[in-house]
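# How does the following fold in three dimensions:
(chains A and B)
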Protein chains: 2
Amino acid sequence: MSFRSRSLARFARPLALPLAAGAAALMLAGLLTAVHAADNPPQLTGFSPQDAASELAWEQKFDALPSPVRLRADMYHLSALPHNLGSERDHENAEWILHQFQSYGLDAHIEEFDVLFPTPISRSLELIAPEHYSAQLKEPPVAVDPDSTDPGQLPTYNAYSPDGDVTAQLVYVNYGLPSDYDELAKLGISVKGRIVIARYGMSWRGIKPKVAAEHGAVGCLIYSDPRDDGYFQGDIFPQGPFRPWQGVQRGSVMMMEVHPGDPTTPGYGSVPGAKHEKPDTLEKIPVLPISYGDALPLLRALAGPVAPENWRGALPITYHAGPGPAVVHLALKFDYKLTPTYDVIARIPGSTWPGQWVIRGNHHDGWVNGAEDPISGLDAELEEARAYGQLLKQGWRPKRTIIYCAWDGEEPGLLGSTEWAETHAAELEQHAVAYINSDTNDRGYLGVEGSHSLEHFFNDVAKSVTDPETGESVWERLRSHRIEEAKTAADKAKIENRPDLRIGALGSGSDYSTFLQHLGIASANLGYQGECNGGIYHSIYDDFYWYTHFCDGTYVYGRALSQTAGHAVMRLADADVLPFQFGDFADTIALYQRQLEELHKNTAGAPAFDFSPLSDAVSRLKAAAARYDQAFAADAGSGNLYSESAEQLGALDQLLLQSERKLMDAAGLPRRPWYKHQIYAPGFYTGYGVKTLPGMREAMEQKNWDEAEREQAIIVKALDAFTAQIQAAAAKL
Amino acid sequence: MSFRSRSLARFARPLALPLAAGAAALMLAGLLTAVHAADNPPQLTGFSPQDAASELAWEQKFDALPSPVRLRADMYHLSALPHNLGSERDHENAEWILHQFQSYGLDAHIEEFDVLFPTPISRSLELIAPEHYSAQLKEPPVAVDPDSTDPGQLPTYNAYSPDGDVTAQLVYVNYGLPSDYDELAKLGISVKGRIVIARYGMSWRGIKPKVAAEHGAVGCLIYSDPRDDGYFQGDIFPQGPFRPWQGVQRGSVMMMEVHPGDPTTPGYGSVPGAKHEKPDTLEKIPVLPISYGDALPLLRALAGPVAPENWRGALPITYHAGPGPAVVHLALKFDYKLTPTYDVIARIPGSTWPGQWVIRGNHHDGWVNGAEDPISGLDAELEEARAYGQLLKQGWRPKRTIIYCAWDGEEPGLLGSTEWAETHAAELEQHAVAYINSDTNDRGYLGVEGSHSLEHFFNDVAKSVTDPETGESVWERLRSHRIEEAKTAADKAKIENRPDLRIGALGSGSDYSTFLQHLGIASANLGYQGECNGGIYHSIYDDFYWYTHFCDGTYVYGRALSQTAGHAVMRLADADVLPFQFGDFADTIALYQRQLEELHKNTAGAPAFDFSPLSDAVSRLKAAAARYDQAFAADAGSGNLYSESAEQLGALDQLLLQSERKLMDAAGLPRRPWYKHQIYAPGFYTGYGVKTLPGMREAMEQKNWDEAEREQAIIVKALDAFTAQIQAAAAKL
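A predicted model of the protein is given here:
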């Protein structure tokens, strides 16, 4: 691991002007920070009563520290210039973050990896028949938004498209899902030898060229339809937050569903001197993202059948499927080169169990200025770290080691986090307790997805954070919201009758992927959401102007994220026993099992399928989980647990933190061995979206019943290993 | 009744050119006319076996007569020039139709009424802030479509708007339904003193200014949103059939939900010399229909809250509710004058029961050229009449009198039919067996709505007509279609298990209204539909070019309509006993009763309501209906029925044909005494759309539970009178 320190003076830009506007609001917001005073003797899972009291006292001190003024200032600085991977500012930001960590009093360093990262040399898209149109492929500056004229903006493109120069008839393929091609086949339309135009949405963008290529297409355009991401949703930038006519969603199309990270070092760290193989996760056909302004002349030039009603967007045309008479010429050339990534890593050593690591991360690279994505999340992370620096000075000593990470190269393919985690795989497998991620942060309701052995834990954490708008806890607000949104009385009752709110499962799309799905480290992703819709994702308009005008301009939800992730990290680091609980996990696996049975029942022509191996394994899991949770409660309640030695407790912790590892299978999922987790994976045909029990579920979706049976056996093996692990843990209680 | 004959030479226009194109297709289609040969001794409700055989033989002869070539030629002639009420061509068309009836050998005449009919003197619509735009208010000619340049097109307007000159802020009110104003109230938006812009759809257009005025608006614009009626639906004219950017839907906004017909002679015929009162069905605020091309600058200039998602159309803007900053100036001036209507009436006297009248009608006036609306339906009616002329020459003698009507002034407010029916009310109440209407005719599936005592009859009729596309009966095609479209297995089973296909109930919107809802004459509306969508309704583009390019260009569905209505009229006229059956009616009323109980159950805060008076009446009705249908079947099966004298049978018929009259209440519905039918009415707040058991249903919808209870008593009284009538009829079997 390397350590560097450089002068930071040249990164500064004046703060006075932009701060003036929101300062009053920020100060008021500061006063409103509520503190949840404990009326009764505190109960905190994994803490003895006296340690719980101490913990809550430290959390109360912590809560006062994250500052909206600083969140704003940090965002202003970090989003001041385009800071994509490979840019000068990206490197400067890494150094600035390093300096921040150090200024907080933390031990920090930068780790560097060399990753394959293509940038455009030339891009050209023309409609050449039945009339001519040259696509602009350029997001125009906006007068009121100073950052929109920043130098060094990365052109609009999809990273990991191959070079290509193709001329062919155009076909509109809706979202480009496999089912959309089925629909085209019904209309008698083939995309073979043609260029497809798909709209963003419903699947991760990288899936669209993959599926297009599988159907014989020679090129792929992806555009943002204003129905989904533009004026239909609301006023467009800069009048409103939504995507304007020439706004483009950049983004990676790396085949991350096969594996994320550097395409030339699959499964191992691309440290200096590492062997770089032939890349294995590049798209097969040239692909380019375009604005709806550029898509309009192309789509308008299509004839053929009128597109099915649910394919039609909000452009002022009749949507046709084609093929042709529109003929387009797409020519793309990229500079594929090894590029250094700069991960910034800070560490607070644990006082009791330094070999147990609680890891927290957020990326720092953006596609352009990236104020929302990722600085809104990184901001919060920095304030957490700064607060720890303060607490350490006041005498706080976490029992476990805390590692704070600011990842580089997330946007192109989770590069920084993956290479770091692959490099440190052996240590992480041994030491990692959990990985807590964030990325963008908005306003509204707490979003938590993650490992269900931490579901109960995150419910407790959410009860400890005050919502800046309502003054109730963010847990209460989320619960009311879910009850309100419930479609049926039965759904409502399910929420009301379950002590814990369900948390979602993790697919992919941010830096937790390698920790969870490749290494089996219990993970979670946190963020506030739901109240700042917009359409600047991965465009030049994701900047300070947009964020302060249309999103969390008072930064009170930035502070809420600091408090949420901060409490989570502190509790995991300070607990006497790691607060893993398994009842929710077992309940969730049982739910997934029922979903698979439903899927089978609703698949026309499906053969009989014996789910009993899975259901038996779930029964065993449920029994063991109940036994652990009950034994834990009894042992903790009696105080016996906390009277044990640090060594004994550490041994129990070791079983607990290893439990998620047991859900891995060394051989990985079919056709993508990098993904080893048997419960959670991104979809092979949907991308970011999670598939739970993925081996079985995806085989069933593809109607490959033999594979589904084989995968069932693998899942059962993993569940049984997990069950054995928590039985062993229970035996220690 | 007056009779006139005039020279027709001047109306002719050459047929050769437009006929050439479709002639081959027409001839082929002619060859494909299938005849449903009866394999077994024929059974026809109301006919003795030998009369059934004779009837079917006559129908077979009839079926060969309606000619696609003639349908095309007649449409070419009748739609050659704009022929709105009051135009020279409207009068000429009436004379031409008269001449046609006479040329078929029928006794025919024209009846003339003077009706109040406004036409525009001046229309002006401007956006005056925040920028200026003068609305075009003009449908441009289309090069390929010769009729689009015809002289004498009626300008785009809503008939029965008052004069007005208003300048006010604009508010977007979605479809302008009462619930839309509730939504606006939630957003804190009032339309008081403002001009509303509503989109066409969901309610009849005349309801929109009425509801707007009730909420204090001072003006109303109605536009066709391309989401509902334009490019979102498909290619626009002339590339496709859908409404182009400057296409406008003309139409009446007379308060037809209060009563249709001349606003100055409510409830009595506006014969020469009749007293003309102050009009009582005019709108209260100026209202103007506009194109989406003209609506775009207005809607784009609105600010205020973004419209709810389901309010947003397909224009390339963010839809805002307003109010303002858009300010519009709307100035309208009309020439309100008495205008002659020319109804053409032909009569074939009955041989056995001349005092029993089977009436058939379709209007002849259009808004402009009106090829689809109404000539596609009138066409078929003329071919039916021509065929009867042929059959009469071959010896066919209908037992009952047949009256064929071509109505004038339907578009402004069912003027011709209403004035004729009000004028002849006493005779009609005594003599009318049934009224069978058609209006526009397209391609596809048979549509039948009407009195449910004729539901079984129309099922039989539909089984006797061959679908030109599939070769099966139109009944079989409709049944398969409904089964295919059924959303749930239960819905599918309901269709499969019921011997008769359900027919819809009649609201308003065409000339059956006065017959059914004011006079209590069993009625039906027939037409083929579902396969020529388009957007030329009430525009200059509803013409011969559009119809032949985008609709029933081979006129085989025109022939199918002739055959369908023709069989219905012939069977009603020829039957030994009128084929009314009451089981379906009772079943349908029971369905409506259940709907009301559901409505009550689903109305939050509704008090307890005693449905037992209604359910008891339905039970009595069911018993009487079953008794009649069974007795009829037994008596017909044994042959006893048909051995009775013409006088005895005529007396039974008289009870049957009067049965629908028993469903009337002399005092009419609350706040609209003209509507006397207690089962079917157009909605007071929806317009065309039917409300069944309207007195109760609308009171319940308005949460006026006292009125609902009073109306229940009136409905029960009507149902009991109906029950007594069919008991009396059953007693004659």
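
# now stretch A:48-60: how far from the chain's centre is it?
Remark: stretch A:48-60 is offset 31 Å from the chain centroid, using CA atoms, centre = their mean, to the nearest Å.

# Quick check: pLDDT value at whichever residue of chain A sits closest to chain B.
Closest approach between chain A and chain B, counting by CB to the nearest CB: A:P316, at 4.3 Å. All C-beta atoms are positioned from the backbone trio N, CA, C, and that covers glycine. You'll see A:P316 listed with a pLDDT of 98.

# check which helix or strand covers it.
According to DSSP states H and E, A:P316 maps onto no helix or strand at all.

# what's near enough to touch the residue nearest to it when sequence neighbours are not counted?
Closest residue to A:P316 apart from its sequence neighbours, by CB to CB, 6 or more residues apart in numbering or on different chains: B:P316 at 4.3 Å. The contact partners of B:P316, by CB atoms under 8 Å, 6 or more residues apart in numbering or on different chains, come to A:226, A:231, A:314-316.

# which phi and psi does B:P316 have?
The phi and psi values for B:P316, taken as degrees, to the nearest 10, are phi -80, psi 60.

# ok, now A:G261?
Residue torsions, per degrees, to the nearest 10, at A:G261 are phi 90, psi 180.

# How many neighbouring residues does it have?
32 (other CB atoms under 10 Å in any protein chain shown).

# and of the contacts of B:P316, the nearest to B:Y172?
Nearest to B:Y172 among the contacts of B:P316, counting by CB to CB, is A:Y231 at 15.0 Å.

# Enumerate every residue touching the closest one.
Per CB under 8 Å, 6+ apart, neighbours of A:Y231: A:242, A:314, B:316-318.

# Quick one: mean pLDDT for stretch A:504-520?
96.

# Span of it from start to end?
End-to-end distance of stretch A:504-520: 17 Å, with CA to CA, to the nearest Å as the criterion.

# Can you show me the helices along the stretch 551-700 of chain A?
With helices called from DSSP state H, counting those that start in this stretch, the stretch 551-700 of chain A shows them at A:556-574, A:583-601, A:612-638, A:646-659, A:694-701.

# and B:G350, which of the ones you listed is closest to it?
Nearest of these (CB to CB): helix A:583-601, 62.2 Å.

# Give me the contacts around the closest one.
For helix A:583-601, contacts defined as CB under 8 Å, 6+ apart pick out A:451-453, A:455-456, A:500, A:502, A:505, A:606, A:609, A:611, A:614-615, A:618, A:621-622, A:624-626, A:629, A:679, A:692-693, A:696-697, A:700-701, A:719.

# Only C-alpha atoms, please: export it in PDB.
These are the backbone C-alpha positions of helix A:583-601, laid out as PDB (Å, rounded to 0.1, in the frame of the first residue of the first chain):
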ATOM      1  CA  GLY A 583     -34.500 -14.600  11.600                       C
ATOM      2  CA  ASP A 584     -35.000 -11.900   9.000                       C
ATOM      3  CA  PHE A 585     -32.600 -13.600   6.700                       C
ATOM      4  CA  ALA A 586     -34.400 -17.000   7.000                       C
ATOM      5  CA  ASP A 587     -37.700 -15.300   6.500                       C
ATOM      6  CA  THR A 588     -36.400 -13.600   3.400                       C
ATOM      7  CA  ILE A 589     -35.000 -16.800   1.900                       C
ATOM      8  CA  ALA A 590     -38.400 -18.400   2.500                       C
ATOM      9  CA  LEU A 591     -40.000 -15.500   0.600                       C
ATOM     10  CA  TYR A 592     -37.600 -16.100  -2.400                       C
ATOM     11  CA  GLN A 593     -38.400 -19.800  -2.300                       C
ATOM     12  CA  ARG A 594     -42.100 -19.000  -2.600                       C
ATOM     13  CA  GLN A 595     -41.400 -16.600  -5.400                       C
ATOM     14  CA  LEU A 596     -39.600 -19.400  -7.300                       C
ATOM     15  CA  GLU A 597     -42.500 -21.700  -6.700                       C
ATOM     16  CA  GLU A 598     -44.800 -19.000  -8.100                       C
ATOM     17  CA  LEU A 599     -42.600 -18.500 -11.100                       C
ATOM     18  CA  HIS A 600     -42.700 -22.200 -11.800                       C
ATOM     19  CA  LYS A 601     -46.500 -22.300 -11.400                       C
END
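
# Direction-wise, compare it with helix A:694-701 and give the angle.
Counting by axes from the mean of the first three to the mean of the last three CA atoms, to 10 degrees, helix A:583-601 lies at 20 degrees to helix A:694-701.

# can you pull the buried residues of helix A:583-601?
Under the neighbour-count criterion of 16 or more other CB atoms under 10 Å in any protein chain shown, helix A:583-601 has A:583-590, A:592-593, A:596, A:599-600 buried.

# now do stretch A:74-88
A:74-87.

# Chain A against chain B: which residues are in contact?
Taking CB under 8 Å from any CB of the partner chain as the contact definition, chain A meets chain B at A:226, A:231-236, A:240, A:242, A:306, A:312, A:314-318.
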